[in-house]
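Undergrad: Next come a sequence and a model predicted from it.
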Amino acid sequence: MSTRARPSCARERRARTTARASDDADDRARGGRATTRRDALRAGFHLDACRRLTHMNPSLATPWTPTTDATLGEQYARALELASDRERRRTTIGLEAEGGTLRARWRAGRNELAGVVDSGSPFLTTFRRCAASGWGCVDARDVSFVAFESTRETYGLQIDDATSWYAATRAGVGEFNFDELVFGVADGVRGTNAAPFFGLVKYVNRERGIRPSFLQQTDISSFALDFDNQSLTLSRDSLVDPTRAGVLRTVDLRVKGAPVYHYASLCDELWINGERFQTSKPIYVAFDSGTTGMLVDRSLFDASDFQLGCRSVDMKFTDVHGQAKFCGSSLKTCTRDCLFIVKPIDVPWEGVGRDYHIVFAGLSVLRNEGSLVVDADRGLVRLGRFEV
């Protein structure tokens, strides 16, 4: 679950856009035979990135600058590679169980990184310090430039310290590759079981200065978290068949103060320990794979039997065909590495608790469904077994 970031500098973005247009003209005039303004600027960005990345890691103290004598053959090979990559419509990667969560791997330059697969947050992030935790880290040779000013990010119960935003020289997930993909590098983290993220929320509230999401920088429109086969599929085409049962429409909670377009649907009925919770306020359920159990807004927690201890939760929805769709979890169904715990959370969105309630349904609920399949562009979510 994501909250908000400090606004970026509009003047800096306009200046960068102007410089990029000027550099394009400069490149064409020189025909690639000499060092252009873009090369000089990029080298400067590399030096700045090196200083930032090596501040806490002396082993990265040797700055790297881009070569300016790439041959036409190398450029042609790169263009062919990119064209071939765009023809791939989907890619599937395996997931790893990690402390009650699922971890996905991705690449930044020559380094392999990992993050908690989170359908409730938007970013790819990593830590500045390299540790023996298996999450990986990035070095200065793998970034092109500093993309945005630093921010402080909050993800549910986890608070990251200063986060720097870099553009990777090249990033990849499975068979998909992306040039200059922006990701976050956190100086440190506060909170239990802290981890970097592999965020799958596509659309953010840019008016509030939220950094661009991972998916928003790509042409990926859909994804499937297959819990039965412990895999993640990213697709340039929709993976949601609206003719099937269990397809729900999502509600854009950004109009209610959310910083991102959560994959949330309106809940018709909420049952706690076998008793229906009565309220005149709408209840929205966000399907959040970055949460292990369930998080509910504090007002809902205090006004319900959640505060007395929760043995089971059941939720009723209406799918796109007008049919009832049920999902939930309990201490009986949540076994092995599943963790069914319901906790309150202070959600800093206007109207939460007063006008509506919000529930973040995590892996303890989603795993019972077999998969979470999302079409971010069409605003559709399907709960049920995933079929390719």
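TA: Done, it's in.
Undergrad: Identify the residues contacting the residue nearest the centre of the chain.
TA: Ranked by distance to the mean C-alpha position of the chain (Cα atoms, centre = their mean), the top residue is Gly199 at 1.3 Å. Shown in contact with Gly199 (Cβ atoms under 8 Å, 6 or more residues apart in numbering): Ser2, Gly115, Asp118, Ser121, Pro122, Phe123, Leu124, Thr125, Ser213, Phe214. Where C-beta positions appear, they are placed from N, C-alpha and C, glycine not excepted.
Undergrad: what's the neighbour count on the closest residue to the third one other than its chain neighbours?
TA: For Asp118, the nearest residue in space outside its immediate sequence neighbours is Gly290; the separation is 3.1 Å by Cβ to Cβ, 6 or more residues apart in numbering. Gly290 has 27 neighbours, counted by other Cβ atoms under 10 Å.
Undergrad: so Gly290 touches Ser119, yeah?
TA: Yes - between Gly290 and Ser119 a contact is recorded at 6.9 Å, counting by Cβ atoms under 8 Å.
Undergrad: which residues in the chain form helices?
TA: Across the chain, reading from the start of the chain, the helices by DSSP state H fall at 10-30, 37-54, 72-87, 298-303, 363-369.
Undergrad: Generate a markdown table for the contacts of Gly199, with neighbour count, distance to Gly274 and pLDDT as supplementary columns.
TA: Putting those into a markdown table (neighbours: other Cβ atoms under 10 Å; distance: Cβ to Cβ, whole Å; pLDDT from 0 to 100) gives the following:
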| residue | neighbour count | distance to Gly274 | pLDDT |
| --- | --- | --- | --- |
| Ser2 | 26 | 33 | 51 |
| Gly115 | 27 | 37 | 93 |
| Asp118 | 28 | 31 | 96 |
| Ser121 | 31 | 32 | 92 |
| Pro122 | 26 | 36 | 94 |
| Phe123 | 29 | 39 | 91 |
| Leu124 | 26 | 41 | 92 |
| Thr125 | 27 | 40 | 89 |
| Ser213 | 24 | 39 | 94 |
| Phe214 | 28 | 40 | 96 |
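Undergrad: for Phe176, which residues make a bridge with it?
TA: Listed beta-bridge partners, Phe176: Val173 (assigned using DSSP bridges).
Undergrad: OK, contacts around it?
TA: Asp85, Arg88, Thr91, Thr218, Ile220, Leu234.
Undergrad: which residues does the fourth one contact?
TA: This means Thr218. Applying Cβ under 8 Å, 6+ apart, the residues near Thr218 are Phe176, Phe178, Leu181.
Undergrad: same thing but at 7 Å, please
TA: Shown in contact with Thr218 (Cβ atoms under 7 Å, 6 or more residues apart in numbering): Phe178.
Undergrad: so how far is Phe178 from it?
TA: According to Cβ to Cβ, to the nearest Å, Thr218 and Phe178 sit 6 Å apart.
Undergrad: Likewise for the fifth one?
TA: Distance of Ile220 to Phe178, given as Cβ to Cβ: 10 Å.
Undergrad: How many neighbouring residues does Cys310 have?
TA: One way to gauge burial is a neighbour count; for Cys310, by other Cβ under 10 Å, it gives 22.
Undergrad: which residues does the nearest residue to it once chain neighbours are set aside form a beta bridge with?
TA: Closest residue to Cys310 in three dimensions, ignoring its sequence neighbours and counting by Cβ to Cβ, 6+ apart: Val342, at 4.4 Å. For Val342, the residues forming beta bridges with it (DSSP bridges) are Met294.
Undergrad: Also Gly115?
TA: According to DSSP bridges, the partner residues bridging Gly115 are Ala104.
Undergrad: Enumerate every residue touching it.
TA: By Cβ under 7 Å, 6+ apart, the contact list for Gly115 reads Arg103, Ala104, Leu124, Thr125, Ala195, Pro196, Phe197, Phe198.
Undergrad: please redo it, this time with the cut-off set to 6 Å
TA: Pro196, Phe197, Phe198 (Cβ atoms under 6 Å, 6 or more residues apart in numbering).
Undergrad: Assess the claim that the first one and Thr125 are in contact.
TA: Yes - with the criterion set as Cβ atoms under 6 Å, Pro196 and Thr125 qualify as a contacting pair; they are 4.5 Å apart.
Undergrad: how is this protein carved up into domains?
TA: The chain is divided into the following domains under automatic domain parsing: 10-25+35-62+89-220, 247-383.
Undergrad: Same list, the ones you listed, but as a markdown table with distance to Leu239 please.
TA: Shown next, in a markdown table, are the domains of the chain (distance: least, Cβ to Cβ, whole Å):
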| stretch | distance to Leu239 |
| --- | --- |
| domain 10-25+35-62+89-220 | 8 |
| domain 247-383 | 5 |
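Undergrad: ok, the contacts of Phe176 vs Ala376, which is closest?
TA: Using Cβ to Cβ, Ile220 is the member of those that sits closest to Ala376, with 8.1 Å.
Undergrad: ok, what's across the strand from the closest residue to that closest one other than its chain neighbours?
TA: For Ile220, the nearest residue in space outside its immediate sequence neighbours is Leu234; the separation is 5.1 Å by Cβ to Cβ, 6+ apart. Using DSSP bridges, the beta-bridge partners of Leu234 come out as Thr91, Phe223.
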